[in-house]
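>>> One predicted model, sequence on top.
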Amino acid sequence: MLYELMSNGSLAGLPQAFLPDGIPDIPGPRVVLLLPYNRYLLGHGFMRNYERWIWGKPGVDPQEIFLYEDTSRTLVLDDSTHVVLSVSVVAQVRSVLLGQMPPPGEHLPTVLILRGIMKDHPIFRDDALVQNEPAFMLQMEKDGILHMTYWAVRFALFRGEFEAIARIKTWLRTASELFDSATHSPRVWFSLTPLPGARELSELESLSFSVDDLQRMVSQSAMPVVLFSKAGYLVLSDFGGAGTAAFRVWVFLPAPLWNELRERRKLSIRDLVISAWGYCDAVHAVAERARYASTDFGSVLSTR
């Protein structure tokens, strides 16, 4: 996929057969962005599951850079010349590249973990089905909870985030059937500083929690802290420490959800926080999966 960065910051698509001389003709998933000052940015699939970005001048050895979600990138040519890739441009070129790549992670390690977590699920009674990725995917699409859990575990294994798998287990054990609609879903925010960032503060204020409310919560000597508003309950809890960086987790639960988890199911505050966090991990994993190339598993099976 080939694009040009216009002077107004937008992207313009170019004929795909055209690639200027001197730009590496890397096969497979890729996106090329032509930049001012005779420079280019190229992203390509690397070792199947990774994205890799390089930039430079055609015919000259390129430099490797990293692009991050929700973050602009400045490419410095010299002391007085630079090119700025806006947050929007970074998001667009990454989406174009990821949309050509298979999702990261491996199927068999994922289903082995899932079998231990969801051992009573009928899909795991058929060993041949479990080991057949296309067939398993087709069956999995019929079960929303399994679909969410699969991608959350697969991405967590890929990144080595084993704490996320523990959170998923807690969510499945305590509340997998509860978080199923906009009115019964928790929300989670994180902060390294005492208070969340401006965007998070705005979202919390929309739920009737003022900055003064949050400052009072932070000032408490013991964690977790719970605050009630007309919208529901907000929980502040600390995580980390003992050799790892401490950070704060803010969890909002609508009142009916809080009552079910705390009053009826008698969950501890910590389990409540971890369960809500695990659910949000799963929601994020499904959204992340949607960014990668889709696979017609029905066609794959029909050709076998």
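Yes, it's here. No experiment lies behind these values; they were computed from the predicted model shown. Numbering: from 1, shown residues only.

>>> ok but residue 251 is inside a strand, no?
Yes. Assessed with DSSP: H, G, I helix; E, B strand; the rest coil, residue 251 lies in a strand.

>>> Who is it paired with across the strands?
residue 188, residue 235 (DSSP bridges).

>>> In contact with it: list those residues for me.
Contact analysis of residue 251 by CB atoms under 8 Å, 6 or more residues apart in numbering lists 186-188, 234-235, 237, 272-273, 276-277. Glycine gets a C-beta too; all of them are placed from N, C-alpha and C.

>>> Following the record's annotation, map out the domains of this structure.
Domains of the chain are assigned by automatic domain parsing as 2-98, 107-289.

>>> Would you mind finding the most buried of those?
The highest average neighbour count among the domains of the chain, using mean count of other CB atoms under 10 Å, belongs to domain 107-289 at a mean of 16.

>>> centre of the chain versus that domain, how much separation?
The chain centroid and the centroid of domain 107-289 are separated by 13 Å under CA atoms, centre = their mean, to the nearest Å.

>>> Just put the domains of the chain in TSV and tack on distance to residue 295 and mean pLDDT.
As requested, these are arranged in TSV below (distance: least, CB to CB, whole Å; pLDDT from 0 to 100):
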stretch	distance to residue 295	mean pLDDT
domain 2-98	14	89
domain 107-289	7	90
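
>>> Please, which helix or strand holds the closest residue to residue 156 other than its chain neighbours?
In space, and not counting its chain neighbours, residue 156 is closest to residue 164: 4.0 Å by CB to CB, 6 or more residues apart in numbering. Residue 164 belongs to helix 162-175 when assigned by DSSP states H and E.

>>> outside of that helix, which residues touch it?
Counting by CB under 8 Å, 6+ apart, 113, 117-118, 145, 149, 152-153, 156-157, 179, 260-261, 265, 267, 271-272, 274-279, 281-282 sit against helix 162-175.

>>> ok, then the element right after the helix or strand residue 32 falls within?
Here residue 32, judged by DSSP H and E, is contained in strand 30-35. Per DSSP H and E, the first helix or strand lying C-terminal to strand 30-35 is strand 39-46.

>>> now the helices for the chain?
Ranges of helices within the chain are 87-98, 107-117, 127-131, 133-140, 144-159, 162-175, 198-206, 211-219, 255-258, 269-289, 297-302, based on DSSP state H.

>>> and those helices as a markdown table, adding distance to residue 39?
As requested, the helices of the chain are exported to a markdown table (distance: least, CB to CB, whole Å):
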| stretch | distance to residue 39 |
| --- | --- |
| helix 87-98 | 14 |
| helix 107-117 | 39 |
| helix 127-131 | 47 |
| helix 133-140 | 40 |
| helix 144-159 | 31 |
| helix 162-175 | 38 |
| helix 198-206 | 32 |
| helix 211-219 | 43 |
| helix 255-258 | 51 |
| helix 269-289 | 30 |
| helix 297-302 | 40 |
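
>>> I'd say residue 188 and residue 276 touch.
Yes. Judged on CB atoms under 8 Å, residue 188 makes contact with residue 276 at a distance of 6.0 Å.

>>> Roughly how far does the residue nearest to residue 121 when sequence neighbours are not counted sit from residue 38?
With CB to CB, 6+ apart as the criterion, residue 121 has its nearest non-adjacent residue at 6.5 Å, and that residue is residue 146. Plainly put, residue 146 is 51 Å away from residue 38 if you go by CB to CB, to the nearest Å.

>>> what do you get for residue 160?
As judged by CB to CB, residue 160 and residue 38 stand 40 Å apart.

>>> Show the contacting residues for the residue nearest to residue 121.
Listed by CB under 8 Å, 6+ apart, the contact set of residue 146 reads 114, 118, 121, 123, 140.

>>> Equivalent analysis for residue 237, please.
Applying CB under 8 Å, 6+ apart, we find residue 237 in contact with 223-225, 248-249, 251, 269-270, 273.

>>> 6 Å - rerun?
Applying CB atoms under 6 Å, 6 or more residues apart in numbering, we find residue 237 in contact with 223-224, 249, 273.

>>> Return the member of those nearest to residue 92.
The nearest member of the contacts of residue 237 to residue 92, counting by CB to CB, is residue 249 at 31.0 Å.

>>> Which residue, other than its chain neighbours, is closest to the closest one?
Nearest non-adjacent residue to residue 249, counting by CB to CB, 6+ apart: residue 237, 5.1 Å away.

>>> Hmm, residue 282 is touching residue 152, no?
Yes. With contacts counted by CB atoms under 6 Å, residue 282 reaches residue 152, the gap being 4.2 Å.

>>> roughly how far apart are the residue lying closest to residue 13 once chain neighbours are set aside and residue 39?
Nearest residue to residue 13, sequence neighbours excluded (CB to CB, 6+ apart): residue 3, at 5.7 Å. Residue 3 sits 13 Å away from residue 39, taking CB to CB as the criterion.
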